[in-house]
Structures are given as C-alpha cells and as structure tokens.
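S.K.: Next one to model:
(chains A, B and C)
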Amino acid sequence: MNLATICSALQTLREQKPLVVNLTNYVVMNNSANALLAVGASPIMAHSRAEMQEMMSFAGALVINIGTLDEVWIERMAWAIECANRAGKVVVLDPVGCGATTLRTDTARRFASLAERLIVRGNASEIIALAGAASQSKGVDALDTSDAALTAAKQLVEQYQAQVVISGATDYVVGIDATYALHNGHPMMTQVTGTGCSLSAITGAFAAIGETSGAAAAAIMGVAGELAAENVTGPGSLQVALLDALYQLDEATLTSRLKLTTL
Amino acid sequence: MNLATICSALQTLREQKPLVVNLTNYVVMNNSANALLAVGASPIMAHSRAEMQEMMSFAGALVINIGTLDEVWIERMAWAIECANRAGKVVVLDPVGCGATTLRTDTARRFASLAERLIVRGNASEIIALAGAASQSKGVDALDTSDAALTAAKQLVEQYQAQVVISGATDYVVGIDATYALHNGHPMMTQVTGTGCSLSAITGAFAAIGETSGAAAAAIMGVAGELAAENVTGPGSLQVALLDALYQLDEATLTSRLKLTTL
Amino acid sequence: MNLATICSALQTLREQKPLVVNLTNYVVMNNSANALLAVGASPIMAHSRAEMQEMMSFAGALVINIGTLDEVWIERMAWAIECANRAGKVVVLDPVGCGATTLRTDTARRFASLAERLIVRGNASEIIALAGAASQSKGVDALDTSDAALTAAKQLVEQYQAQVVISGATDYVVGIDATYALHNGHPMMTQVTGTGCSLSAITGAFAAIGETSGAAAAAIMGVAGELAAENVTGPGSLQVALLDALYQLDEATLTSRLKLTTL
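M.R.: Residues are numbered from 1 along each chain as shown, chains lettered A, B, ... in the order given. Model (predicted):
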C-alpha cells in the first residue's frame, strides 16, 4: 500500500460506485450515508432479516457498527454477517464502546468470530478491549496506548485473520504482512460525532472494490479531515466541510498531503 | 397547476403551518423534519400505534417512507395509513428501494393499495417497480427510463387513483387530468442522502393544505436545490444550503427560476 | 446562580468532560451528541436494558427525551431511570409533545414520578400539560402562556421536588428557592429541529458536574443560539453555527451577552 495504490483505489471506487450495506447506529446513519455518497459509493442503510440475504447478494460489502446496540439489533447484525459470509463479502466491524460495557465487549467479540472476511476499525481502547484477556496478560498496562493498541491489533489479526485499523492522532493499519502509520487528520475530528463511523463505512466501500487493507479509507479520511479542519470555526462546520472535502479529494491533494509510513 | 397556484400554495402553507406526521427512515428523520420546518410546516415524527389515531385526527397529512424497513415498522406504517384513511387524510408514499428487494416491492404495493387518498413520490426505477408486471408486459425495456417511468406512473394513477411524482434530472408530476414536467434541480442533489425524502415530506405539507397534485412541492424543492447548489463546494454544504433556500424561497425567485411545462 | 457561577460551571464541565447517557428520539440523536461534544461533554447514546445499569454506574447523568416514543422505548426509558436512581444520578426529562397525545402525557408523568432527582426541560405547553389537572383548576386559561407555564412549573417543582426549565422567547428556570428569566436566544432557533433537545442534553451535562439548577445550560444555549443566528442565512446554517458557537463560547462572550434576571 502506497500513494499510488491509494489514488488508484479511489479512482476505481468512484468509477464502480460500490453498494455498501450498513447496519449502524441511529446517531450516525445520516453522516455515514453522506460520507459514502461524498466519496463516490452507494450507501444502503438496511436491517430487516427479510431482505438481508437478497441485499448481500448484490452489495459489495457489509458494515456493522454497534454504537446503539440492543437485543433486537444484535440478532439482525448476526444474521447480516451470516449473509455476508454466504455471499463471500467483507465485513467491516466498528466495535463502538467495546470495553465500556460487557454487552458491547461480548457482542463485538461474537461478531468478530462470526465474520469470515473481517476488517476491524476502532479506537485504541476498543481494539485493546476486543483483544481482551490475552492482551492484558502480556502486561498492557506497562505500555503506552499506541503500543498496547498495536499489540492488541496484531493479536486480532492473528486470531481472526483480520485486518485492523486503529484510529487516533496517528492511525495504524495492521495486517498480516505489514503495518502502516498515517499521520494525517486533525484533533477537532474527535469533537464531531461519527467521524470514526464514517471511516468504517468508507472502509467498507474500499473493501467492496477489493482494497481490503483499510489503508485507503484511513488515508482519505485523514487527509479530508485535515483539509476540512483548516478552514472551519468549530465542529459544526467541520462536519459539513468534511463531506465537501471527501467529495473534492483528488490525486494532487492526496499526493501533497498524505503522510503514510511503513512500520 | 402553474406558477401562480404554486406561489399561492406556498403562501397558504406558511400561513397555516400544517402538521405533517412522518413515519420515515432513521437516516433522514432529522433532514425531513428540518425541511418541513424550513418551508414553514410543522413536522411530527411519530410511530407508536398507541397515539397514531389521536395524532392523525389533528394532523394534516401522513408521510410513509420505507427506507429502513422492518417487520415492526411495516405494521406501524400500515396502522398509520388506516388511521389516515379514517381521518380522511392524504398519504404520501415514498417507496425507497422498491424493486431492489422483494420486501420493499411487496410492502410498497401493500401500502399503495391500503391508502385511500394516495400520492406516490419516487425515482424512475421505484415507480417502474411499483407498477410492476403490467408495466413490463407493455415492453418497458424498449423505452428509455423517463418514458418507462411515465408509463408506469400513468398505470399507478389509474390503479390507485393516485397522484405520482417521479424525481430525476427532470421531475414529472402525473395525475388523472394532466402531466407536468419540472426542469429545475441540480445533479449534486443526488449526492446528498434524503433530498428525495425531504421532497416527499414537503409533498405531505402541501397535501395538508389541499395542494394534492404534488407539483408545488416538486417545484419548490427543485428551485431551492438549484439555488443552493450554485454556491456550495460539495454535498455537505449543499445539505445545509438547501434548508436555507427552502426557508428564503419567495415568489420573485420562483417566478424567475421555475421551469414548469405541461406535457 | 449568576454570571460568575455559570462561567465557572462551564469551565468545570470542559475540564471534567462528564459522560451523559441519552435515551432520546431518532430525529435529534446526531444533534444532541454533537451539542454535548461541542460544549465539552461526552455523549453516550444507548438504550439496551442489558448495559444500562453498568453504564449509569460510570455516567454522570441521564437524559430522557420522549420525542419518538413507543412501547418498547417506554420500558427501556423506565429501566434507565431506575438505574439512574440506584446510582444516585440526576434525570433530565424532555417531555416532547406532552399534552399533544395521551400516550405522551401519561408517559411523561410516569417518568417524572419515577425519577428521584429530576430536572424537567420543556416548552410552555409541555410544562402546562405535564402539571395537568391541578394547574387547570387554578384557571390557567385566564393567564397568558408565560404566567400559566410559570404556575405549572412551580407546581411541578413542589410535586416532584424537581427543577424546571421552560424554553421560549424568554426561558424560565424555576426551582424551590428561586426563579430566573433568561432573555437570550433567537426566534429562528424554533425553525431548527432539536434545539430544545440539545438544551436538555446540555442540562444533563451540567447536572453531571453538580450544576443542577438548569440555569447554566439555558444561559449557554441562549447566548450561543443568539450569536449563531446573527450571521446565518437560514435554519440550515443556524444548526451548524450553533454547534460552532457552543464550541467557541467563552467567559468574555457570556459576560457581554448574558441577560439573566432573578424573578
């Protein structure tokens, strides 16, 4: 993964306009749909068991986000993952609040186990919590957050044959063969709800066109967020400007802005 | 329906501030409520069976949008349509994704049959799918999308005694006595989620004050969208500017901008 | 409560970043989360019974908003209030549409009775309806809306040992010992959905840091809304500017703008 492959993936995405099925939380549904549209993909927000198998047969990828979880949605999400598995589609799991409550931790682990082709996108504490006991037994407390999250991510990669994206001041993209660090983005992005959820959704769009590392989505969201934040007066206008930046993003801007390093 | 009747309807709407009950999808609830407020109506987003009959007794119209459908909401929507029927109120049906899955096609047809006073607002493929087999048997494949959708719309008008609005680069308003074409709007509106849903909601607001052709809502949304798109940098700012344009829209602007033709 | 205590409360809120659990309506979830983030708090939108007790143990306050009510959410909300009671946390109740339907009136009263530490935030008609029969027997019809709402609020204060905030052209903050009037805000705020809901959410954030009068939240939302409305072209841009204003609000602006009087 490098600048050229990221630019190429973005071009392919815009040409193919892949369909991405999202079972996400109530808070960010509008933003995630708009982020997918802005980057050039086609969002479907759907959750009924009665149409999921049919829908996954023509969709490109599935995004599961547990931000506003309940017992009804858990079973809908599990069924959607099974449908994605049958159709051979990638599942992007956004384990919102994993570690904050037992329900979220247990559900996130269940979904990670269930998905056959998995990408996990979370923040450091969610990734650490998802990796769980084994990670703690390695003495996580002694490490700083980034190191602990990287250790946890590598464990998840191995345990689930997954790709893992850790969002933060620096984003990390962790896979079997390589780990990348992305140094774009802006601190104000954490004061807008759903920027991480939008990244997960866009990760699904790239997975749908075969870019399953998670790096292209993280790169594009980081650069777009950074650009957007430079000309705004607060988080309200950042939310708006971020969609505009995703829409306008081109190869020249990516080339001049992207800070991607291989670890 | 002409410029004068559309201007008059908008003025009446702003004076009467009709209450519009919306059972819509999770993605656009905020946008639809804000679009109704911006144009001068009063939105209520509600879905409980326990209050629907009471609510339809004092509301002006019902908007049903199947964008995030499930078995629980289907029955709530069916009940709301029955309540609207009893109260003699118009039902605006937005058959989101009709044709994409069996569930959506079947549900949209069920709701179209159930509503006694019906306006349908969808895009060409949704209208064609809603009209279904009969439309196909007339050799739809040989026609271009607009022609196929117009044929389907005319069939729906006859079958359900409905008014039909087809959204697209050109919008069509199809009724028993007349068909209108509207040439306003902007391509970027398709890259913001929920612009069609907002049109359906506003169609409900006009129906509540007696403008049941669907033409006024389509005219106003088309002109507002066109105005909004001229000064924005992407779909994020378009979503914001569209609400401002709906709020500011006046007779002078409608007069200078509206491109309405009778077919 | 005065300018100094409000400025001090805002500073404490930004330092402590209290966690506020919200069971709110589908329409405003995004806005309420963003309003909490903009002012400096940490929102959690959650509703599952399976995690509520755990969540209320580490959260600072609970916000209950009945805007899109149904039988499933009613029980979830009741359980959340019980969890808040056990954890000794304040419940902010936003009785959306109380008085409009029997379901909403009954549910709002049930929740008001259930909460042990209660702040109610509503508009005049909701407060009057929540206070109900006793208020009417005092001859409410003879009074103007503000007087009727103040009478109703005082009754609620006594009945539920609650603090009551009435939103309107003038906001009133009514407690056992004192009543304040706030003369900030802007009429256009009523044409954006969810500004009242955001105020309720922020009221929860202040309650979580011990400012349980409701005055700080009302003051900050009024000043931020007034500032935001001065430079916008309609309700779309107001929604955005309001978040920016909440984010930027500082002591100097509060000092120059706040119009707080003790009644």
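S.K.: after the helix or strand of chain A with the lowest mean pLDDT, next one along is what?
M.R.: Taking mean pLDDT, DSSP states H and E as the measure, the helices and strands of chain A show their lowest mean at helix A:133-137, namely a mean of 52. Towards the C-terminus, the helix or strand next in line after helix A:133-137, according to DSSP states H and E, is helix A:145-160.
S.K.: What average pLDDT does that next one get?
M.R.: Mean pLDDT, computed over helix A:145-160, is 94.
S.K.: same deal with stretch A:95-110?
M.R.: Across stretch A:95-110, pLDDT averages out at 97.
S.K.: start to end distance for it?
M.R.: The first residue of stretch A:95-110 is 11 Å away from its last residue (C-alpha to C-alpha, to the nearest Å).
S.K.: who touches it?
M.R.: Counting by C-beta atoms under 8 Å, 6 or more residues apart in numbering or on different chains, stretch A:95-110 makes contact with A:25, A:65-67, A:69, A:74, A:78, A:93, A:111-112, A:120, A:122, A:125-130, A:132, A:196-197, C:44, C:46, C:48, C:50-51, C:54-55, all of which sit outside it. Bear in mind the C-beta positions are built from the backbone N, C-alpha and C, glycine included.
S.K.: what sits opposite residue A:94 in the beta ladder?
M.R.: Note on residue A:94: beta-bridge partners residue A:65, judged by DSSP bridges.
S.K.: pull the CA atoms of the helix or strand containing residue A:81 into PDB?
M.R.: Residue A:81 is located in helix A:71-86, with elements delineated by DSSP H and E. Coordinates of each C-alpha in helix A:71-86 appear next as PDB, following Å, rounded to 0.1, in the frame of the first residue of the first chain:
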ATOM      1  CA  GLU A  71     -31.000  -7.400  21.700                       C
ATOM      2  CA  VAL A  72     -33.100  -7.000  18.500                       C
ATOM      3  CA  TRP A  73     -30.300  -5.300  16.500                       C
ATOM      4  CA  ILE A  74     -27.700  -7.900  17.800                       C
ATOM      5  CA  GLU A  75     -29.600 -10.700  16.100                       C
ATOM      6  CA  ARG A  76     -30.200  -8.600  12.900                       C
ATOM      7  CA  MET A  77     -26.500  -7.900  12.800                       C
ATOM      8  CA  ALA A  78     -25.500 -11.500  13.400                       C
ATOM      9  CA  TRP A  79     -27.800 -12.500  10.500                       C
ATOM     10  CA  ALA A  80     -26.400  -9.900   8.200                       C
ATOM     11  CA  ILE A  81     -22.900 -11.200   8.900                       C
ATOM     12  CA  GLU A  82     -24.000 -14.700   8.100                       C
ATOM     13  CA  CYS A  83     -25.500 -13.400   4.800                       C
ATOM     14  CA  ALA A  84     -22.200 -11.600   4.000                       C
ATOM     15  CA  ASN A  85     -20.300 -14.800   4.700                       C
ATOM     16  CA  ARG A  86     -22.500 -16.800   2.300                       C
END
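S.K.: And residue A:122, how far from chain B?
M.R.: Shown here: residue A:122 relative to chain B, a distance of 23 Å by C-beta to the nearest C-beta, to the nearest Å.
S.K.: I should have written residue A:52 there, sorry.
M.R.: Looking at residue A:52 against chain B, where the rule is C-beta to the nearest C-beta, the gap reads 9 Å.
S.K.: still on that earlier bit, what's the PyMOL syntax to select whichever of the contacts of stretch A:95-110 are buried?
M.R.: This is how PyMOL selects the buried members of the contacts of stretch A:95-110, with burial counted by 16 or more other C-beta atoms under 10 Å in any protein chain shown:
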select buried, (chain A and resi 25+65+66+67+69+74+78+93+111+112+120+122+125+126+127+128+129+130+132+196+197) or (chain C and resi 44+46+48+50+51+55)
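S.K.: wait, what's in contact with residue A:251?
M.R.: Applying C-beta under 8 Å, 6+ apart to residue A:251 gives the contacts A:7, A:10-11.
S.K.: of the residues you listed, closest to chain C?
M.R.: Of all those, chain C sits closest to residue A:10, with 26.5 Å by C-beta to the nearest C-beta.
S.K.: How about the contacts made by that closest one?
M.R.: Residue A:10 sits next to A:39-40, A:216, A:220, A:249, A:251, A:254 when contact means C-beta under 8 Å, 6+ apart.
S.K.: Are any of those residues buried, and if so which?
M.R.: In terms of neighbour count (16+ other C-beta under 10 Å), the buried residues within the contacts of residue A:10 are A:39-40, A:216, A:220, A:249, A:254.
S.K.: Make TSV from the residues you listed and add secondary structure to it.
M.R.: Compiled in TSV, the buried ones among the contacts of residue A:10 are given as follows (DSSP: H, G, I helix; E, B strand; the rest coil):
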residue	secondary structure
A:39	helix
A:40	coil
A:216	helix
A:220	helix
A:249	coil
A:254	helix
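S.K.: Return the member of those nearest to chain B.
M.R.: Comparing these against chain B with C-beta to the nearest C-beta places residue A:40 closest, at 8.7 Å.
S.K.: so where does the residue nearest to the closest one when sequence neighbours are not counted fall, helix or strand?
M.R.: Spatially, and ignoring its direct neighbours in sequence, residue A:40 is nearest to residue A:14 (3.7 Å; C-beta to C-beta, 6 or more residues apart in numbering or on different chains). Element membership of residue A:14, judged by DSSP H and E, is helix A:3-16.
S.K.: Up against chain C, what does chain A have?
M.R.: By C-beta under 8 Å from any C-beta of the partner chain, the part of chain A that sits against chain C consists of A:25-28, A:30-31, A:67-71, A:97, A:100-104, A:191-194, A:232-237, A:239-240.
S.K.: all strands of chain A, in order?
M.R.: For chain A, the strands identified by DSSP state E occupy A:19-23, A:42-45, A:61-65, A:90-94, A:118-123, A:163-167, A:171-174, A:179-182, A:260-262, in order along the chain.
S.K.: Model confidence for the residue nearest the centre of chain A, exactly?
M.R.: For chain A, the residue nearest the mean C-alpha position is residue A:200 (2.3 Å; C-alpha atoms, centre = their mean). Listed pLDDT for residue A:200 reads 98.
S.K.: quick one: it from residue A:92, how far?
M.R.: Distance, residue A:200 to residue A:92, using C-beta to C-beta, to the nearest Å: 5 Å.
S.K.: Need the residues touching each of the two.
M.R.: A:63, A:121.
S.K.: just checking, what packs against the helix holding residue A:81?
M.R.: The criterion is 3 or more C-beta pairs under 8 Å, 6 or more residues apart in numbering or on different chains; DSSP states H and E, and the helices and strands that helix A:71-86 contacts are strand A:19-23, helix A:49-58, strand A:61-65, strand A:90-94, helix A:102-114.
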